[in-house]
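Enquirer: pasted the sequence and its predicted model underneath.
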Amino acid sequence: MIKETYDLASDKEWEGPCTATSHLTGEKVNRFTHIHQSVDGLLKKQRMTRLVCHRVGGCIMRCMGIDVMNALSVITYEMDQALGTDTNQNFLKYLRYWQDNDICANCAQTDTKGDRLKRPHEQADPDLYLRIIESRPDGIVVRGAKLDNTTAPVSDEIIAIPIRFMTEDKATCGIRYHT
């Protein structure tokens, strides 16, 4: 399944739906590493996904990775605008690596949650929710558990995202959640 997403991107017959031009380098990249630059780009990604899924008869296991990368491209830009950070520049460096290496990723979205009657900061075990334990100039260090990472065994990268909105007053063990 995943193999087809690589093979078809290098097949002249499938080049149209399976490749795009990187807005970072101007080079041809696998559409599964491309950030949508327009409605047309998003429609091409959807068309490619349908064509490849139909060809293999099921899930191609790369959609969640590129979907989360597209979300991060917007969120990191908006963070920079609102907070005066350089998070988007870090993201763009990562995206360049992503495109250069034709990365397949998993999106880890579901926290284990523990006692669901309690908020994350009320859990006996703080690792039941993913949280930031350190901020660095080049990114963050997180700790905690994620569940249901179906494509993790066949992914190059795992991108972990928060499951719920966290605020500073909901800190666990004195560790700040970023919003």
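Expert: Sure, I can see it.
Enquirer: okay, CA-based contacts and neighbour counts for the rest of this
Expert: Fine.
Enquirer: strands along this protein, start to end?
Expert: Listed in chain order, the strands of the chain (DSSP state E) span 19-21, 28-30, 105-108, 110-111, 131-136, 139-143, 146-147, 157-160.
Enquirer: mind listing residues that contact the first one?
Expert: The one in question is strand 19-21. With contact meaning Cα atoms under 8 Å, 6 or more residues apart in numbering, strand 19-21 is reached by 9, 27-32, 34.
Enquirer: average pLDDT for it?
Expert: Averaging pLDDT along strand 19-21 yields 96.
Enquirer: and it, what's buried?
Expert: Residues of strand 19-21 classed as buried by neighbour count (16 or more other Cα atoms under 10 Å): 19-20.
Enquirer: about what we covered before: and among the strands of the chain, the most buried is which?
Expert: strand 105-108 (a mean of 25; mean count of other Cα atoms under 10 Å).
Enquirer: packing partners of it?
Expert: Strand 105-108 makes packing contacts with helix 63-83, strand 157-160 when contacts are defined by 3 or more Cα pairs under 8 Å, 6 or more residues apart in numbering; DSSP states H and E.
Enquirer: now the contacts of strand 19-21 in a markdown table, with distance to residue 3 and pLDDT?
Expert: Output for the contacts of strand 19-21, formatted as a markdown table (distance: Cα to Cα, whole Å; pLDDT from 0 to 100):
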| residue | distance to residue 3 | pLDDT |
| --- | --- | --- |
| 9 | 10 | 93 |
| 27 | 22 | 97 |
| 28 | 18 | 97 |
| 29 | 16 | 97 |
| 30 | 12 | 97 |
| 31 | 14 | 96 |
| 32 | 12 | 95 |
| 34 | 18 | 96 |
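Enquirer: farthest-separated two in those residues?
Expert: 27 and 32 (14.1 Å; Cα to Cα).
Enquirer: between these two, tell me which one has more neighbours.
Expert: Higher neighbour count among residue 27 and residue 32: residue 32, with 28 against 12, using other Cα atoms under 10 Å.
Enquirer: quick one: which of the contacts of strand 19-21 is nearest to residue 151?
Expert: When those are compared against residue 151 (criterion: Cα to Cα), the nearest one is residue 32, at 14.7 Å.
Enquirer: in the chain, which residue is closest to the centre?
Expert: With distances taken as Cα atoms, centre = their mean, residue 68 lies nearest the centre of the chain, 3.2 Å away.
Enquirer: my read: it touches residue 107, true?
Expert: Yes. Between residue 68 and residue 107 there is a contact under Cα atoms under 8 Å: 6.6 Å.
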